[in-house]
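Prediction below, plus the sequence it came from.
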Protein chains: 2
Amino acid sequence: MSWEERLSRAGWRITTPRRVVMQVLQRAGRPLSPQEIYMRGRRIHRSLGLVSVYRSLEVLERVGLVRRVHQEDRCDGYILASPGHHHILLCRRCGRTVEFPGAEDLSGLIAQVEQRTGFQVEDHLLELIGLCSPCQRSKS
Amino acid sequence: MSWEERLSRAGWRITTPRRVVMQVLQRAGRPLSPQEIYMRGRRIHRSLGLVSVYRSLEVLERVGLVRRVHQEDRCDGYILASPGHHHILLCRRCGRTVEFPGAEDLSGLIAQVEQRTGFQVEDHLLELIGLCSPCQRSKS
DNA sequence: ACTGCTTTTGAAAAATTTTTTCATTAAGCG
DNA sequence: CGCTTAATGAAAAAATTTTTCAAAAGCAGT
Ligand SMILES: [Mn+2]
Ligand SMILES: [Mn+2]
Ligand SMILES: [Zn+2]
Ligand SMILES: [Zn+2]
């Protein structure tokens, strides 16, 4: 199912700003901030407004089409999200980001933590950080 | 070893703002934003400046005495950090935050991902989100 | 305790980021 | 096509973070 279809079925309209944000993120392959999306987006859609980028990201994230990435220094970067439970792997050098499916190895850990703390775990945030192949080589 | 000693050994001075930030976080038990730390800190140290809160957090985080917490809606909350590799478990309702030691169950997953992506994984970010005991009960 | 050197502080200003407001535009549906 | 309502973009406002700089305070060595 296309992202347009997913967005539409969730009750949202397919608009130019939303299309532009998706297109920019598709081409990026690394997390982009609203500001960056805005600047690149304007080359596609001259009259794009920064506010619409913010608003688009909010909706697209809610629908699960886009994901925010947490980094040491910034947490305002967005990438395209594949459907279903995924985690991300990102290169600390060039920012390249790759998703990988859930691989739920955490159940043991979670059970253990629940036991010891009395918490009821509902969700988790997992990101792996490292160096992508190209950056391993060009390790100046 | 006390936090003062750890800070000092790392080459930093023990100052009033840093002491206040630590004290505020000690009493909090949940992530506090710089603004919140500032407001609470002023009750201890009348002339505390917001800038010093920002600067203190930067240093304390660098030394590993304090940790930034990533949440759905905000990533500007700080908690006290225990020494060594820990993860956090936080309540989505009241914000209560608990640390738990590394429990490195991730090595399998990491090896698998490294294999498939060519990345070299160096670090990770893991947070568990759920409901703490009190909030499970008062589930209005 | 006192001195001198250096880091750190707090106020103010500046820069950046995010949110709100509101008149206008344009999606989507018949 | 026309209607209805969601969505847009400009502008302003609010909130957050960083920079600047003179004054204060930490600390090492007397
Ligand atoms: Mn998972
Ligand atoms: Mn770990
Ligand atoms: Zn974050
Ligand atoms: Zn890379």
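Received it, and whenever you're ready, just let me know what you need. Keep in mind that this is a model prediction, so the values were computed, not measured. Ligands and ions are numbered 1, 2, ... in the order given.

Can you point out the buried residues in the lengthiest strand in chain A?
In chain A, taking DSSP state E as the definition, the longest strand is strand A:120-131. Counting neighbours by 16 or more other CB atoms under 10 Å in any protein chain shown, one finds that the buried residues in strand A:120-131 are A:Val121, A:His124, A:Leu125, A:Leu126, A:Glu127, A:Leu128, A:Ile129, A:Gly130, A:Leu131. For every residue, glycine as well, the C-beta is placed using N, CA and C.

Okay, strands next: where are they in chain A?
Under DSSP E, chain A gives strands at A:66-69, A:77-80, A:86-91, A:97-101, A:120-131.

Take these and write them to CSV, including mean pLDDT.
Formatted as CSV, these follow (pLDDT from 0 to 100):
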stretch, mean pLDDT
strand A:66-69, 98
strand A:77-80, 98
strand A:86-91, 96
strand A:97-101, 94
strand A:120-131, 96
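
for those strands, which one sits closest to ligand 3?
strand A:66-69 (7.5 Å; CB to the ion).

Against which helices or strands is that closest one packed?
Identification of packing neighbours for strand A:66-69 by 3 or more CB pairs under 8 Å, 6 or more residues apart in numbering or on different chains; DSSP states H and E yields helix A:16-28, helix A:50-63, strand A:77-80, strand A:86-91.

Which positions within the second one qualify as buried?
Going back to what we said before, that points to helix A:50-63. So helix A:50-63, judged by 16+ other CB under 10 Å, has buried residues A:Ser52, A:Val53, A:Ser56, A:Leu57, A:Val59, A:Leu60, A:Val63.

does the fifth one really touch A:Trp12, like I thought?
Yes: with contact defined as CB atoms under 8 Å, A:Val59 reaches A:Trp12; the gap is 5.7 Å.

Is there a neighbour count for A:Gln26? I'd like the number.
Around A:Gln26 sit 11 other residues, with neighbours defined as other CB atoms under 10 Å in any protein chain shown.

For it, which non-adjacent residue is spatially closest?
Nearest non-adjacent residue to A:Gln26, counting by CB to CB, 6 or more residues apart in numbering or on different chains: A:Leu80, 6.1 Å away.

and the gap between that neighbour and A:Cys132?
The span separating A:Leu80 from A:Cys132 equals 17 Å under the rule CB to CB, to the nearest Å.

So for chain A, the centremost residue is which one?
A:Arg67 (2.5 Å; CA atoms, centre = their mean).

Now that one: closest residue in space that isn't a chain neighbour?
Counting by CB to CB, 6+ apart, the residue nearest A:Arg67 is A:Ala81, at 4.0 Å.

isn't the one you found right up against A:Arg68?
No: distance between A:Ala81 and A:Arg68: 9.5 Å, which falls outside the contact criterion (CB under 8 Å).

Let's have the buried residues of helix A:50-63 in CSV, adding pLDDT and distance to DNA strand C.
Putting those into CSV (pLDDT from 0 to 100; distance: CB to the nearest atom of the strand, whole Å) gives the following:
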residue, pLDDT, distance to DNA strand C
A:Ser52, 98, 9
A:Val53, 98, 9
A:Ser56, 98, 12
A:Leu57, 98, 9
A:Val59, 98, 12
A:Leu60, 98, 14
A:Val63, 98, 13
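
Lovely, talk soon.
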